[in-house]
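Asker: Starting from these lines, generate the structure:
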Amino acid sequence: MNNLIIEKTASTPYINFNYEMRKLIVSGESFPEDAVKFYKPVINWIEQYLEKIEEEETQVEFEIIYFNSSTSKIYMMLFTLLDQAVANGKNITINWKAAQENETAIECGEEFMEDVEFIKFNILVK
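Answerer: Numbering: from 1, shown residues only. Just a heads-up that it's a prediction; the model follows:
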């Protein structure tokens, strides 16, 4: 399976999904004009990835400085997808990283964490 790398722009995050390393990274800001269109290949890649992995641990790292409401809906859909995968036996951890001064990012991470049931969801404040 090929890795998925999307370079960041002024309105979209850097995305690096490395199949061999079992690491998915999303970092930067996310307020694309069409969040569904931007994240469609990301969701498709993750769905394919989840079909291929077994019990290997996967780390998902989010370090988002700012995101808009349409991105928030996509992230919740993504976290629900990952949560279901864990319920079905996959080994996945989400690390939500935020700067100590970014209270909004911390609070959003806490809200996402409350909405998942099975996945290990860490909030890492730096």
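
Asker: before we move on, what SS does the residue of the chain most remote from its centre have?
Answerer: Largest separation from the mean C-alpha position in the chain: residue 101, at 21.2 Å (Cα atoms, centre = their mean). Counting by DSSP: H, G, I helix; E, B strand; the rest coil, the backbone at residue 101 sits in coil.

Asker: Tell me the spacing between it and residue 65.
Answerer: Going from residue 101 to residue 65 by Cβ to Cβ, to the nearest Å gives 11 Å. Bear in mind the C-beta positions are built from the backbone N, C-alpha and C, glycine included.

Asker: and residue 113, what element?
Answerer: Using DSSP states H and E, the element containing residue 113 is helix 103-114.

Asker: gap between that helix and the chain center?
Answerer: Remark: helix 103-114 is offset 13 Å from the chain centroid, using Cα atoms, centre = their mean, to the nearest Å.

Asker: do the same with stretch 5-16
Answerer: 13 Å.
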